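S.K.: All I have is the shape, not the residue letters:
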């Protein structure tokens, strides 16, 4: 019964405020895409997390570069991961996401205005277009974020094999790759569940990685995967009070 009452309370709040945030994002994006990203990120993150009494504890925020463009890459287990990254970094993030999200009424339209939506079935032309646009944004000092696993991890393994998009972009632009690990989001809102649970999500941000000269994409992806796995183990082994 408690879960039923929670659903009757949470979903109307979530739906109404998400639509309002989307409309505000659309309006604000006409004047400032940076401000629109802040609303789509941190304001919407608050809409998702606060009503569910979900808190976030962040370690390593000092590892975020103070300025300039860079790429955040994170693990992905839950719908909570996007608002978690926004709240943990407190940066106006430009997300690299699948084009299908842009078809969501209102909020998807807002995503199109401030973020980079990729058509995964678009072939080489779509990939080149994405690379050019992302490179331009990073050169302008934007912070981009991506889930290199490509989809939510529903397995027992800490990580799925990485797609190469983030690493092609890092090698092409020379910007840092910042590892970010999320712990417990999949427990609080697993795939298939209709409601989140109350609790705490832990986040650890690692030191930036930079692609080395003549480094292969495979080796860069392996270094990135190892960085996330190391952060995962360190965060998992911490005492509850840390």
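M.R.: Okay, I see it. Fair warning: this is a prediction, and the values are worked out from it, not measured in the lab.

S.K.: Residue 97 contacts residue 112, correct?
M.R.: No. Applying CB atoms under 8 Å, one finds residue 97 not in contact with residue 112, separated by 10.2 Å. For every residue, glycine as well, the C-beta is placed using N, CA and C.

S.K.: Looking at the two, which has the bigger crowd around it?
M.R.: More crowded of residue 97 and residue 112, by other CB atoms under 10 Å: residue 97, with 18 against 15.

S.K.: Could I get the average pLDDT for the one helix or strand that one maps to?
M.R.: Taking DSSP states H and E as the criterion, residue 97 maps to strand 93-98. Averaged across strand 93-98, pLDDT comes to 84.

S.K.: Next: stretch 187-201.
M.R.: Mean pLDDT, stretch 187-201: 93.

S.K.: How about stretch 69-76?
M.R.: Over the span of stretch 69-76, the pLDDT mean works out to 96.

S.K.: do the same with stretch 35-52
M.R.: Taken as a whole, stretch 35-52 carries a mean pLDDT of 88.

S.K.: Tell me the gap between that stretch and the middle of its chain.
M.R.: 13 Å (CA atoms, centre = their mean, to the nearest Å).

S.K.: For residue 154, which non-adjacent residue is closest in space?
M.R.: residue 191 (5.3 Å; CB to CB, 6 or more residues apart in numbering).

S.K.: next one: residue 21
M.R.: According to CB to CB, 6+ apart, the nearest residue to residue 21 is residue 44 (4.9 Å).

S.K.: roughly how far apart are the one you found and residue 138?
M.R.: Separation of residue 44 from residue 138 (CB to CB, to the nearest Å): 23 Å.

S.K.: if we can go back for a sec, contacting residues for the residue nearest to residue 21?
M.R.: 18, 21, 83, 86, 107 (CB atoms under 8 Å, 6 or more residues apart in numbering).

S.K.: shouldn't the second one be in contact with residue 83?
M.R.: In other words, residue 21. No. Counting by CB under 8 Å, residue 83 is not a contact partner of residue 21; they are 11.3 Å apart.

S.K.: what comes up buried for the worst-scoring helix or strand of the chain on mean pLDDT?
M.R.: Least confident helix or strand of the chain, by mean pLDDT, DSSP states H and E, is helix 107-114 with a mean of 76. Under the neighbour-count criterion of 16 or more other CB atoms under 10 Å, helix 107-114 has 107-111, 113-114 buried.

S.K.: As TSV, those with distance to residue 218 would be great.
M.R.: Shown next, in TSV, are those (distance: CB to CB, whole Å):
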residue	distance to residue 218
107	36
108	34
109	37
110	36
111	31
113	35
114	32
